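1. Sequence and predicted structure are below.
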Amino acid sequence: MFAFRDFLTFSTSGLVVLSGGGVAIAQTTPPQIATPEPPVGQAPQAPLPPLATPGVDPLDTAAFLPSLGGLSKPTTLAALPLPAADLDLTPTAHLGTIQAPAPLLAQGDATETPSTTGVDVTLPTAETNPTIPLVQPLPPDRVINEDLNQLLEPIENPAVTVPQEATAVTADNVVDLTLEETIRLALERNETLQEARLNYDRSEEFVQEAIAAEYPNLSNQFDITRTDSANGELQARNLGRDNNATTAINGRLEVSYDIYTGGRRSAQIEAAQTQLQIAELDIERLTEETRLAAAVNYYNLQSADAQVVIEQSSVFDATQSLRDATLLEQAGLGTKFDVLRAEVELASAQQRLTRAEATQRTARRQLAQLLSLEPTIDPRTADEINLAGRWEISLEETIVLALQNRQELRQQLLQREVDGYQERIALAAVRPLVSVFANYDVLEVFDDSLGPADGLTVGARMRWNFFDGGAAAARANQEKVDQAIAENRFANQRNQIRLAVETAYYDFEASEQNITTAAAAVTLAEESLRLARLRFNAGVGTQTDVISAQTGLNTARGNYLQAVTDYNRAFAQLKREVGLGDAVIAPAAP
């Protein structure tokens with residue numbers, strides 16, 4: 001061991017001068033160690049460097065940072081897209097005993113590779129702890145719900161089905177989707193949007209029902225009766241007749257038309273037509289919501305993919321730290337404590353990677369649910385992480401544009417008109433109703449010798465309910481109050497839209513600024529980790545410095561990813577708040 005009284009280091013130039021210890025290392029250019037990228041899901045493969053040779057970080061900024069899309073950025077940053085995470089995410093079975101993950105040490109000479117003994121952790125089972133509930137596969141007769149299947153049987157809609165086998169819900173059909181394809185599928189297949197279209201179809205039928213009142217009513221009545229009453233029998237006895245029963249056929253055809261309805265008919269038609277406009281605006285509103293949801297879910301999946309890459313990098317960094325600590329401990333320059341700390345850090349990194357993979361799988365299923373994909377389809381992102389676009393419109397212009405185009409404001413105004421029509425309908429109950437009618441009837445009695453007879457009746461009818469106790473006036477006043485409520489909702493909706501626009505705009509500006517800052521932080525964190533390893537390999541640093549630098553790098557990469565994701569989400573939110581879809585995106589100037 002060396003006894004150091006004082007030391008002076010210049011790690012950035014590769015020069016290390018140790019005074020008082022009799023050791024000096026002068027090296028302006030450290031030798032490069034060939035450290036290949038680790039295969040996905042496997043331990044990194046790299047030869048072990050000499051004990052005192054500075055380590056080389058295999059992860060540089062160019063391999064991590066996505067394009068900044070024209071934002072101002074340090075000149076040292078590369079503008080390369082983040083590599084797609086083509087990962088093997090097959091979950092491991094957790095049964096019986098869990099073997100603590102062995103450190104992912106660099107595979108080199110077996111004599112140089114330190115051995116690490118895994119720690120066996122035994123999960124409690126039903127045999128060792130009977131109080132633990134045990135869930136086992138159910139028999140087929142308990143899996144299949146016969147009552148449910150009987151209800152589904154007469155339905156021919158292919159979407160109304162429930163799988164009965166595990167293979168029917170196994171998501172093994174991988175499909176790569178771009179953002180444009182994702183939005184298109186969402187607009188075509190999303191159930192909420194499809195329900196809005198069905199509501200529009202129903203509103204069209206309401207309009208046809210209201211228009212039908214403009215046409216006359218034509219009705220027909222046909223009766224066949226046989227009469228054998230007690231009074232008739234007495235009359236027959238007086239007349240000396242044996243039977244007084246009669247059989248008759250009576251047919252009646254009537255046509256009627258309401259000439260004046262007190263404004264009820266026209267108000268019903270206009271109310272139905274206005275409701276149709278509201279339903280149409282609801283489709284437009286839900287289209288924007290679906291477009292936003294598709295973009296956000298796509299960005300979330302991109303973020304989850306990139307987070308897996310970040311955690312894989314963290315595992316690789318922790319592996320290198322463990323390798324360095326183990327080599328120093330074998331050479332007598334380190335302690336077992338440093339090795340144990342490195343093993344703990346590696347185990348923590350592996351746990352974070354496992355959680356990131358679970359988040360990634362969840363994000364895939366959320367996207368599949370939004371797009372209403374088949375249960376066997378596993379969607380993946382085909383686009384690289386990049387900035388979604390630029391927003392060159394000022395905040396004030398964005399607010400005005402949103403207030404002029406949002407469907408919710410027009411819906412509130414249309415609802416106010418509907419309430420006005422309902423007021424007219426309510427007052428029509430105490431206004432005169434004038435109608436004309438004509439009927440033609442035929443009567444034939446079979447028990448007489450007179451033959452059939454017919455007749456024609458033409459007339460007009462007026463009905464006027466002068467007083468109903470004030471019920472109609474009360475209903476009309478209710479509709480006036482509903483109009484005031486619609487006006488109040490309009491003002492509230494307008495304020496909410498402005499707040500939403502301002503919130504999205506401020507988030508967008510903050511994310512835009514954070515991208516450059518976070519990108520520079522990633523570069524600094526990578527340099528800090530490199531220097532920490534140099535100092536540790538030279539014997540003048542501590543394992544704590546390396547672990548702290550690794551944590552800082554992982555945090556910086558996560559912050560950068562979060563900044564890009566927040567930027568894209570805010571951009572999508574701004575488009576939605578304006579309510580014009582992709583119409584707000586203008587082509588770039590040549």
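-> Here it is on my side, so go on. It should be emphasised that the depicted structure is a prediction, and the values quoted were computed from it without experimental measurement. Numbers count the residues shown, from 1 in each chain.
2. okay, CA-based contacts and neighbour counts for the rest of this
-> Noted.
3. can you count the residues close to residue 131?
-> For residue 131, the neighbour count with other CA atoms under 10 Å is 9.
4. Tell me where the protein has helices.
-> Secondary structure of the chain (DSSP state H): helices located at 140-143, 146-152, 179-189, 191-211, 230-238, 264-330, 336-371, 395-405, 407-427, 471-538, 543-578.
5. Quick check: which ranges of this protein have low pLDDT?
-> 1-121, 123, 125-126, 232, 235-237, 239-244, 447-449, 583-590 (pLDDT under 70).
6. Give me the most central residue, it.
-> In the chain, the residue lying closest to the centroid (CA atoms, centre = their mean) is residue 293, at 4.7 Å.
7. Give me the neighbour count for the nearest residue to residue 379 once chain neighbours are set aside.
-> Closest residue in space to residue 379, ignoring its immediate chain neighbours: residue 175 at 4.9 Å, by CA to CA, 6 or more residues apart in numbering. Other residues within reach of residue 175, judged by other CA under 10 Å, total 11.
8. residues in contact with residue 175?
-> By CA atoms under 8 Å, 6 or more residues apart in numbering, the residues touching residue 175 are 377, 378, 379, 380.
9. One more: residue 223?
-> Residue 223 touches 249, 250, 251, counting by CA under 8 Å, 6+ apart.
10. residues in contact with the residue nearest to the first one when sequence neighbours are not counted?
-> Closest residue to residue 249 in three dimensions, ignoring its sequence neighbours and counting by CA to CA, 6+ apart: residue 224, at 4.4 Å. Contact criterion CA under 8 Å, 6+ apart gives 247, 248, 249, 250 as the residues in contact with residue 224.
11. Just name the closest of these to residue 415, please.
-> Using CA to CA, residue 250 comes nearest to residue 415 of the contacts of residue 224, at 49.3 Å.
12. Neighbours of that closest one, how many?
-> 17.
13. right, and it touches residue 452 too?
-> No: in terms of CA atoms under 8 Å, residue 250 does not count as a neighbour of residue 452; the distance is 9.6 Å.
14. picking up where we left off before, between the helices of the chain, which one is closest to residue 122.
-> When these are compared (using CA to CA), the closest one is helix 336-371, at 17.2 Å.
15. That closest one relative to helix 191-211, how many degrees between them?
-> Angle of helix 336-371 versus helix 191-211, following axes from the mean of the first three to the mean of the last three CA atoms, to 10 degrees, is 20 degrees.
16. Give the buried residues for helix 336-371.
-> Within helix 336-371, the residues that count as buried by 16 or more other CA atoms under 10 Å are 338-339, 341-343, 345-347, 349-350, 352-354, 356-361, 363-368, 370-371.
17. Repeat that for stretch 281-288.
-> 281, 282, 283, 284, 285, 286, 287, 288.
18. Run the chain-centre distance for that stretch.
-> Centroid separation for stretch 281-288 versus its chain: 16 Å, with CA atoms, centre = their mean, to the nearest Å.
19. Report the backbone C-alpha coordinates of that stretch in PDB.
-> The C-alpha coordinates for stretch 281-288 follow below in PDB (Å, rounded to 0.1, in the frame of the first residue of the first chain):
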ATOM      1  CA  LEU A 281     -69.500  19.800 -32.800                       C
ATOM      2  CA  ASP A 282     -69.100  17.000 -30.300                       C
ATOM      3  CA  ILE A 283     -67.600  14.800 -33.000                       C
ATOM      4  CA  GLU A 284     -65.100  17.600 -33.800                       C
ATOM      5  CA  ARG A 285     -64.300  18.000 -30.100                       C
ATOM      6  CA  LEU A 286     -63.800  14.300 -29.500                       C
ATOM      7  CA  THR A 287     -61.700  14.200 -32.700                       C
ATOM      8  CA  GLU A 288     -59.300  16.700 -31.200                       C
END
